[in-house]
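> Here's my sequence, what's the structure:
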Amino acid sequence: MANIQSLDPTASPLDYYGWELRRQREAHGLKQGQLGDIIFCTGSLVGQIETTKKVPTRDFSERVDAALGTDGLFSRLIGLVLRSQLPTWFQPYAEMEAKAAYISTYQAQLVYGLLQTEEYARAVLATGMPDDLEGLLAARMERQRILEREQPPLAWVVLDEAVLHRPIGGHQVMRRQLARLLEFSRHRWMHVQVLPNEAGAHASLAGSFTAMRFDDDPDIIYTEDVISGHMTANPETIREAALRYARLQAAALSVEDSAELIIRVMEERYGDCSQLEEHPVA
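As a prediction, this is how the structure comes out:
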């Protein structure tokens, strides 16, 4: 295990978190095991977080704040820590996503990241064989906190029907993921449409893309390739993407018909969903 004395608190948000956790713990005269007992975890976990061997969670951070009376210090730090766990090329997008007032996205392969359940996200991320799957998963779940705001971004999601049929993580995982999509039919700020297979050739056969609008910044278009992601505020690209998205929405099923298709796929492909909570269509 790394020597905590060798940690440079300026090296990264994770290093600073570990350094500050040790400093606060020792200031309270607690050993790692004693702090672990107070916050219902092992002393080993505390030690691993102090030495950056483990990425802390938001729940861990909140319990540390309560135990040490640190006035929300670690609850504030955890957002920076988790964002730093995202791939370097993705971090600028995550920062802009957190500021967006309006998001519109077309997804050809997967459920949009902000709408993924934890188990679906785990299965998706595992395909890349990352060194720290748990850190990446925690970072993806942290992104979804923008949906919990009192005034979240207005979001419009168009999913290719293939997304519903691709069994990521197995049938039970997919049933719960599709049920999660139906939950958003309750929210005025989130609209989910499905582009049916019958649409045939459409305006974005080249792949997925996301547009973001802001209160005080130029619009941005985001796309990904096999290696990394790309953002642009080029006005011509923005106009072309807006036109393509309008055509996608016109070809997609209505929000109500999309919900009916999702339910049908749940029943026919992933088993009986009669025991799942009924989700009204807004």
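> The stretch 151-282 of the chain: strands as residue ranges?
154-160, 190-195, 209-213, 220-224, 229-232 (DSSP state E, counting those that start in this stretch).
> what residues does the first one touch?
Applying Cβ atoms under 8 Å, 6 or more residues apart in numbering, the external contacts of strand 154-160 come out as 101-109, 111-112, 114-115, 181, 189-195, 245, 248-249, 252. The way it works is simple: take the backbone N, C-alpha and C, and place the C-beta from them, glycine included.
> Could I get the full set of helices for the stretch 151-282 of the chain?
161-165, 171-183, 235-251, 255-269 (DSSP state H, counting those that start in this stretch).
> got the CA positions of the first one in PDB?
Written as PDB, here are the backbone C-alpha positions of helix 161-165 (Å, rounded to 0.1, in the frame of the first residue of the first chain):
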ATOM      1  CA  GLU A 161     -35.400   0.800 -31.500                       C
ATOM      2  CA  ALA A 162     -32.300  -1.400 -31.700                       C
ATOM      3  CA  VAL A 163     -31.300   0.000 -28.200                       C
ATOM      4  CA  LEU A 164     -34.400  -1.700 -26.700                       C
ATOM      5  CA  HIS A 165     -33.600  -5.100 -28.300                       C
END
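> ok so, going back, and Y120, which of the helices of the stretch 151-282 of the chain is closest to it?
Of all the helices of the stretch 151-282 of the chain, it is helix 171-183 that lies closest to Y120, at 4.4 Å by Cβ to Cβ.
> what residue lies at the spatial centre of the chain?
Of all residues in the chain, the one closest to the mean position by Cα atoms, centre = their mean is R140, 3.4 Å from it.
> And the pLDDT for it?
Looking at R140, its pLDDT stands at 93.
> one step back: the helices of the stretch 151-282 of the chain into JSON lines, with extra columns for mean pLDDT, mean neighbour count and distance to R122?
Shown next, in JSON lines, are these (pLDDT from 0 to 100; neighbours: other Cβ atoms under 10 Å; distance: least, Cβ to Cβ, whole Å):
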{"stretch": "helix 161-165", "mean pLDDT": "97", "mean neighbour count": "18", "distance to R122": "17"}
{"stretch": "helix 171-183", "mean pLDDT": "96", "mean neighbour count": "19", "distance to R122": "9"}
{"stretch": "helix 235-251", "mean pLDDT": "96", "mean neighbour count": "15", "distance to R122": "29"}
{"stretch": "helix 255-269", "mean pLDDT": "95", "mean neighbour count": "17", "distance to R122": "20"}
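> mind showing which ranges of the stretch 1-150 of the chain have poor pLDDT?
1-5 (pLDDT under 70).
> Make sure D71 is indeed in a helix.
No. Under DSSP: H, G, I helix; E, B strand; the rest coil, D71 sits outside any helix and is assigned coil.
> nearest spatial neighbour of R145, skipping sequence neighbours?
Among residues not flanking R145 along the chain, G79 sits closest, at 7.9 Å (Cβ to Cβ, 6 or more residues apart in numbering).
> host element of the one you found?
G79 belongs to helix 73-84 when assigned by DSSP states H and E.
> same for that helix, what does it pack against?
helix 13-27, helix 58-68, helix 91-99, helix 133-143 (3 or more Cβ pairs under 8 Å, 6 or more residues apart in numbering; DSSP states H and E).
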